[in-house]
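[1] Sequence first, predicted model second:
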Amino acid sequence: MILMRKAFLQLHIAVFLAGFTGILGRLIHLNEGMLVWYRLLLSVAALALVLFLKKKLNAISRIDLLKTAGVGLLIALHWVAFYGSIKYANVSVALVCFSATGFFTSLFEPLVHRTRINLIEVLLGLMAIVGIYIIFDFHPQYKTGIIFGIIAAIGSGLFPVFNKNLVKRISPADLTLYELSGGLVFLTLFLPFYFLKFPPAYLIPTFQDVCWLIVLAILCTVISFELQLKALKKVSAFTANLSYNLEPLYGILMAFVIFGENKSFHKEFYIGAGLILLSILLQTLRIVWQHQKGSVKSFNI
C-alpha cells in the first residue's frame, strides 16, 4: 500500500508539472513546431549529460530502440498538436480538449494489449468527454485549436499504453532519453513539411524564449517524465491518463490567474470541471478498493 501511495504521489507531481507546460506554451512565442523542437533538443542534451556523468546510460536492444523511437514519434506529434492548440485557441481550450485522453486510453489499451474493453473505464472516460462539451460551446474561432487539441489527446492516450511494457525492462531515465531522442530525429525531418502549412514567424528564440524553454525542458519534461514512468510501474496506463485529467484543471487555474482567461467562462465551466474531477475520484476509489480486496493483479494495476 505504501508503494501504491508513492506511485500516486509521483504521478500527481508529474501531472502538476505537466499542467504548467500550457502556461509556458503561451509565454514562449515560437511557432509550435519550433517550440517542441527546442524542447526536445534541450531535454535530450540535459538528460544525456546527467546520465553520462552518473555513468548510468545503458544500451538497449535494436528492437527496443525501434519501439522507443516509435513512442518518441507519438510524443513529438502530441506536443506539436498540444502547443498548436494553444497558439490557435488559448491555454484553456487546449487543456480542456486534453481531458479526452482518458477516453481514448480506455479504447486503445485493450486493443494494443488484446484484453477486453472495460465498460467502467469507458464510462469514466466519457465523463471527462461530457465535461469538455459542457465547458465549451465550440466557437468558430477556436475550430483549428480544438482539432489540434483532440489530436493531442489521442497521442497522449497512446503514449502510456505503449510504454507499459517498455518501462518493465528499461529504466525510466534511459527510456525517456531514447524516446525523446527518437522524437527529436523525427521532428527534425518532419518540420520542413509542417512549415509549408504552418509557417513560423521566426526560427531563433529570443532571450525570454530561451529562459522559458530551459524551465520547460528540465522541470516539465525530464523530471516530469521520469516521475510518470516510475509511477507506471505500479498503476495502469488508464489510471495514469485519467489522473492526467487534472493537468487541464491545474493549467486552467494558472491561466485564470496569469492571463485572466476566466473572464470568458460561466457556470458551465465549473460543472464540466466537476465532472472531470468526479471521474478521477471514482477511478481512484475503485483502484484503492480493489487493492484492499487483494485483487490488484486482476485489474492490471
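    Cool, got the structure.

[2] where do the helices sit along the stretch 51-200 of the chain?
    62-88, 91-97, 101-113, 119-135, 143-169, 172-197 (DSSP state H, counting those that start in this stretch).

[3] Residue 44: which of those is closest?
    Comparing the helices of the stretch 51-200 of the chain against residue 44 with Cβ to Cβ, the closest turns out to be helix 172-197 (5.0 Å). Yep, even glycine has a C-beta here, placed from its N, CA and C like the rest.

[4] And the following helix or strand past that closest one, what's buried?
    Later in the chain than helix 172-197, the nearest helix or strand by DSSP states H and E is helix 207-217. Residues of helix 207-217 classed as buried: 209, 212, 213, 215, 216, 217 (neighbour count, 16 or more other Cβ atoms under 10 Å).

[5] follow-up on the earlier one: just send the helices of the stretch 51-200 of the chain back as TSV, with mean neighbour count and mean pLDDT too.
    Formatted as TSV, the helices of the stretch 51-200 of the chain follow (neighbours: other Cβ atoms under 10 Å; pLDDT from 0 to 100):
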stretch	mean neighbour count	mean pLDDT
helix 62-88	21	94
helix 91-97	28	86
helix 101-113	21	81
helix 119-135	20	80
helix 143-169	20	87
helix 172-197	19	94
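
[6] how about these, which one is nearest residue 55?
    Across the helices of the stretch 51-200 of the chain, closest to residue 55 is helix 172-197 (Cβ to Cβ), at 12.0 Å.

[7] tell me the angle the closest one makes with helix 62-88.
    Taking axes from the mean of the first three to the mean of the last three Cα atoms, to 10 degrees, helix 172-197 and helix 62-88 form an angle of 50 degrees between their directions.

[8] Arrange the helices of the stretch 51-200 of the chain in JSON lines, one row each, with distance to residue 252 as further columns.
    Listed next are the helices of the stretch 51-200 of the chain as JSON lines, based on distance: least, Cβ to Cβ, whole Å:
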{"stretch": "helix 62-88", "distance to residue 252": "12"}
{"stretch": "helix 91-97", "distance to residue 252": "5"}
{"stretch": "helix 101-113", "distance to residue 252": "15"}
{"stretch": "helix 119-135", "distance to residue 252": "9"}
{"stretch": "helix 143-169", "distance to residue 252": "13"}
{"stretch": "helix 172-197", "distance to residue 252": "26"}
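
[9] Minimum distance to residue 279: which of those has it?
    The closest of the helices of the stretch 51-200 of the chain to residue 279 is helix 119-135. By Cβ to Cβ, the value is 3.9 Å.

[10] Run through the neighbouring helices and strands of the closest one.
    Packing partners of helix 119-135 (3 or more Cβ pairs under 8 Å, 6 or more residues apart in numbering; DSSP states H and E): helix 91-97, helix 101-113, helix 237-243, helix 267-292.

[11] hmm, 10 Å instead?
    Under the contact definition 3 or more Cβ pairs under 10 Å, 6 or more residues apart in numbering; DSSP states H and E, helix 119-135 sits against helix 91-97, helix 101-113, helix 143-169, helix 237-243, helix 246-259, helix 267-292.

[12] Thanks again, I'm all set now.
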